[in-house]
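Trainee: I need the structure of the sequence given here:
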Amino acid sequence: MAKTILLVDDEPMIRAPLREFLQLRGHVVVEADTGQAARAAFRGADPDLVLLDYSLPDANALELIPRLRELDESVPIVVVTGHGTIDLAVQTMREGAEYFLTKPVQLSALGVLLERIFENAKNKRAQLASRTRESRAAPDPFIGVSDAIGALRTEVEKLAPSDRPVLIHGETGAGKGVLAAWMHRHGPRSEEPFVDLNCASLSRELLESELFGHEKGAFTGAVDAKAGLIEVAHRGTFFLDEIGDLDLAIQPKLLKVLDERQFRRLGSVRDRSVDVRLIAATHHDLAEAVQAQRFRSDLYFRISTLQIRIPSLRERRADVPLLAQSILRSFSSELGRETHLTGDALETLASYDWPGNIRELRNVLERSVLLAEGARLRGRDLRFDPAAVRARAPAATAARTLDESEKRHIEETLRAQAWRVAEAAKRLGVSRSALYRKMKEYQLRRP
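Mentor: Just a heads-up that it's a prediction; the model follows:
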């Protein structure tokens, strides 16, 4: 695959044969003849490698390497000089150069060196992808430095060794399933199955069949007997997500599993024994659902002895940069390229409310990486979903004045468009001058 190589040398007669050699090997060559031009070309070209002359009119390699590595520390730098010494080579390596060559450069040796560098980068990406697959199989629900995530970890570590049912509360996308899987891995049933089911994703008939299984002929289409997921989870952990959406007719059957450790397949008259630890999760207020008779009180009291609440991202903004960088590393390895977040991108992410929490953060980053043109994601490169930006609970907006609602809507739209005024104005259906007036009126400034 063609690579982009930044060739930095102030002598055109030296650049010419190197450029021709690299282009014949299929590479794209970007040239610069000063340190200032090299930094500008680095920002614009996102090179895969820098071939850097030691002495330039406005800087030397020891001064320039740190500045280039500030832009992207993952790009390998090869220093070329006409006055090579061991001490000079050591100094450039300490600053971050990968290799050190002396002039005149032997093109055959350069070709071998480039192959080695790109092969090492390929192997590094493969190793990163392997580690990421392993880590994604067991994601960490406690990434962050906030007091909220620290308190959550302390609480969960106390409850994980228990074998009692646990009810996890949290907004949509906050990571309830990840936390349940972590508790299973660190609980007394870690060597047994972990099985999960989302109650909100299936109709009542399908949900009951998935939970408890069915016998042959139990209903139209049941051509064979099938074990339910509770049966599959025997001796392990059964995670029931969005239990607040569990149909009232199914709730007493789940209660029987918890109280008597027994259940019946659909179409069967025989009780079967099962031993599972239940971890349930919901974004609903189940106590309110009990009062409204949408949820059985006996089941609620059975599953709510041990309760955990996952904080939303709005309550742990300090964790957003760490979470974003962790998620971005996994996407970068899958795509075979490393992508980095700039400081203004991290500020934009941390200032957003994240109504969809970690799931929305993951979606924004994945979309941004796929559409990014370079190796660095800046604030204006972030691709928010305008529909998600506008999503808010009614209680949060009911008491606002008209001006407050307008200010919030404008601010959310600006954030969704990474503070690009022209695009935000188009989204809002107003002129740029009108939007600028409103920004001044409401004192809205880019973070």
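
Trainee: nearest the middle, which residue of the protein would you pick?
Mentor: I327 (2.8 Å; Cα atoms, centre = their mean).

Trainee: dump the helix or strand containing S368 to PDB, restricted to CA.
Mentor: Element membership for S368, per DSSP states H and E: helix 357-371. Taking Å, rounded to 0.1, in the frame of the first residue of the first chain, the C-alpha atoms of helix 357-371 are listed here in PDB:
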ATOM      1  CA  ASN A 357     -24.000   8.300  27.500                       C
ATOM      2  CA  ILE A 358     -21.100   6.000  26.600                       C
ATOM      3  CA  ARG A 359     -23.100   4.400  23.700                       C
ATOM      4  CA  GLU A 360     -23.500   7.800  22.200                       C
ATOM      5  CA  LEU A 361     -19.900   8.700  22.800                       C
ATOM      6  CA  ARG A 362     -18.900   5.500  21.000                       C
ATOM      7  CA  ASN A 363     -21.200   6.300  18.100                       C
ATOM      8  CA  VAL A 364     -19.800   9.800  17.700                       C
ATOM      9  CA  LEU A 365     -16.200   8.600  17.800                       C
ATOM     10  CA  GLU A 366     -16.800   5.800  15.300                       C
ATOM     11  CA  ARG A 367     -18.600   8.100  12.900                       C
ATOM     12  CA  SER A 368     -15.800  10.700  13.300                       C
ATOM     13  CA  VAL A 369     -13.000   8.200  12.700                       C
ATOM     14  CA  LEU A 370     -14.600   6.800   9.600                       C
ATOM     15  CA  LEU A 371     -15.200  10.200   8.100                       C
END
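
Trainee: what comes up buried for that helix?
Mentor: By 16 or more other Cβ atoms under 10 Å, the buried positions in helix 357-371 come out as N357, I358, E360, L361, R362, N363, V364, L365, E366, S368, V369. C-betas here are computed from N, CA, C, even on glycine.

Trainee: sorry, back to before: check what pLDDT the residue nearest to the centre of the chain gets.
Mentor: At I327, the predicted lDDT confidence score is 90.

Trainee: could you do R67 as well?
Mentor: pLDDT, R67: 88.

Trainee: name the SS class of it, please.
Mentor: When classified by DSSP: H, G, I helix; E, B strand; the rest coil, R67 comes out as helix.

Trainee: tell me the contacts of it?
Mentor: Residues in contact with R67, defined by Cβ atoms under 8 Å, 6 or more residues apart in numbering, are G35, R39.

Trainee: got the contact list for stretch 81-94?
Mentor: Residues outside stretch 81-94 that contact it (Cβ under 8 Å, 6+ apart) are D53, Y54, S55, A61, L62, I65, V79, F100, L101, T102, K103.

Trainee: okay, these in JSON lines with distance to L88, neighbour count and secondary structure next?
Mentor: Below are the contacts of stretch 81-94 laid out as JSON lines (distance: Cβ to Cβ, whole Å; neighbours: other Cβ atoms under 10 Å; DSSP: H, G, I helix; E, B strand; the rest coil):
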{"residue": "D53", "distance to L88": "13", "neighbour count": "23", "secondary structure": "strand"}
{"residue": "Y54", "distance to L88": "7", "neighbour count": "22", "secondary structure": "coil"}
{"residue": "S55", "distance to L88": "11", "neighbour count": "14", "secondary structure": "strand"}
{"residue": "A61", "distance to L88": "9", "neighbour count": "25", "secondary structure": "helix"}
{"residue": "L62", "distance to L88": "9", "neighbour count": "15", "secondary structure": "helix"}
{"residue": "I65", "distance to L88": "13", "neighbour count": "22", "secondary structure": "helix"}
{"residue": "V79", "distance to L88": "9", "neighbour count": "28", "secondary structure": "strand"}
{"residue": "F100", "distance to L88": "8", "neighbour count": "21", "secondary structure": "strand"}
{"residue": "L101", "distance to L88": "12", "neighbour count": "18", "secondary structure": "strand"}
{"residue": "T102", "distance to L88": "10", "neighbour count": "16", "secondary structure": "strand"}
{"residue": "K103", "distance to L88": "13", "neighbour count": "15", "secondary structure": "coil"}
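
Trainee: which of those residues sits closest to A233?
Mentor: For the contacts of stretch 81-94, the minimum distance to A233 (Cβ to Cβ) is 55.5 Å, reached by I65.

Trainee: just checking, the closest one touches A97?
Mentor: Yes - using Cβ atoms under 8 Å, I65 makes contact with A97 at a distance of 5.9 Å.

Trainee: which residues do those two both contact?
Mentor: Joint contacts of I65 and A97 (Cβ under 8 Å, 6+ apart) are L52, I77, V79.

Trainee: which one of those residues is nearest G177?
Mentor: Looking across the shared contacts of I65 and A97 and measuring by Cβ to Cβ, the closest to G177 is I77, at 42.7 Å.

Trainee: that closest one pairs with what?
Mentor: V50 (DSSP bridges).

Trainee: can you give me the strands in the stretch 1-150 of the chain?
Mentor: 4-8, 28-32, 49-53, 77-81, 99-102 (DSSP state E, counting those that start in this stretch).

Trainee: show me what counts as buried in the fourth one.
Mentor: Using 16+ other Cβ under 10 Å as the test for burial, strand 77-81 gives I77, V78, V79, V80, T81.

Trainee: the bottom helix or strand of this structure by mean pLDDT?
Mentor: helix 394-397 (a mean of 42; mean pLDDT, DSSP states H and E).
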